[in-house]
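**Student:** how would this look folded up:
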Amino acid sequence: QAASGPSAVLVTSGGGGYHAEARRLRMSAIAAVERLRLEGSRLRLHVVRGPYGGALEALPDFAEWIDPGPALPGMLVNYAAVVSHSGYNSTHEAIRSGVPLVLSPGHRETEDQRERATWAAHAGLAHLADEARPRDVYHALSRALEDGDAQRERQLTRYRQVKHWGASVLLASLGVVSSE
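**Tutor:** Here you go, the predicted structure:
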């Protein structure tokens, strides 16, 4: 990360009530940032727990819980990267802000997180950590940080090209439905 650039990574988890998945993503993000710090980075980690994120666990000294409330979407531009499951709001708010994005979709039968994450990765708008394992999150986060400015520009350009980011746009991008 550049010395004058953002100095923290944000991890969001727990909006959907899948406590074990939320905790696994948080722990993997902690391990990834810890490894980057061992490699010389001075990154910090901010952790947002959604309304159904489960208990607050102890965090290492380079990480802290934050509760930005409704101000979160406007704060995203201040981060070096965002690590998230591919929930609808988190994904689209990060893409819109232009912040480099790492997505690790949750395994849910009734949500489209995997499709959303796959689409975002194929469109160059996110880096995919297909499983929320520490090494996968580390590699995806490393790529996102290295690709930061280029990814920001791709995200902002793509966002300006579409009128909204609803399911119809996602499905058309995946070729499931016609874009007409």
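**Student:** the top helix by length along the chain: what's the following helix or strand?
**Tutor:** Longest helix in the chain, counting residues (DSSP state H): helix 19-38. Using DSSP states H and E, the helix or strand that directly follows helix 19-38 along the chain is strand 44-49.
**Student:** alpha carbons only: can I get that following strand in PDB?
**Tutor:** Once non-C-alpha atoms are left out, strand 44-49 reads as follows in PDB (Å, rounded to 0.1, in the frame of the first residue of the first chain):
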ATOM      1  CA  ARG A  44      -4.900  -2.100  10.300                       C
ATOM      2  CA  LEU A  45      -8.100  -4.000  10.200                       C
ATOM      3  CA  HIS A  46     -11.600  -2.600  10.900                       C
ATOM      4  CA  VAL A  47     -14.300  -5.100  11.500                       C
ATOM      5  CA  VAL A  48     -18.000  -4.400  11.000                       C
ATOM      6  CA  ARG A  49     -20.400  -7.000  12.400                       C
END
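**Student:** in the longest helix of the chain, what's buried?
**Tutor:** 21-36 (16 or more other C-beta atoms under 10 Å). For the C-beta atoms, the positions are set from N, CA and C on the backbone; glycine is no exception.
**Student:** export it as PDB, just CAs?
**Tutor:** In PDB, the C-alpha atoms belonging to helix 19-38 read as follows (Å, rounded to 0.1, in the frame of the first residue of the first chain):
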ATOM      1  CA  HIS A  19     -22.600 -16.900  12.600                       C
ATOM      2  CA  ALA A  20     -20.100 -19.600  11.800                       C
ATOM      3  CA  GLU A  21     -19.500 -18.300   8.200                       C
ATOM      4  CA  ALA A  22     -19.200 -14.700   9.500                       C
ATOM      5  CA  ARG A  23     -16.700 -15.700  12.200                       C
ATOM      6  CA  ARG A  24     -14.700 -17.800   9.700                       C
ATOM      7  CA  LEU A  25     -14.400 -14.800   7.300                       C
ATOM      8  CA  ARG A  26     -13.400 -12.500  10.100                       C
ATOM      9  CA  MET A  27     -10.700 -14.900  11.300                       C
ATOM     10  CA  SER A  28      -9.400 -15.400   7.800                       C
ATOM     11  CA  ALA A  29      -9.200 -11.600   7.200                       C
ATOM     12  CA  ILE A  30      -7.300 -11.200  10.500                       C
ATOM     13  CA  ALA A  31      -4.900 -13.900   9.500                       C
ATOM     14  CA  ALA A  32      -4.400 -12.300   6.000                       C
ATOM     15  CA  VAL A  33      -3.700  -8.800   7.400                       C
ATOM     16  CA  GLU A  34      -1.400 -10.300  10.100                       C
ATOM     17  CA  ARG A  35       0.600 -12.000   7.300                       C
ATOM     18  CA  LEU A  36       0.800  -8.800   5.300                       C
ATOM     19  CA  ARG A  37       2.000  -7.000   8.500                       C
ATOM     20  CA  LEU A  38       4.700  -9.700   8.900                       C
END
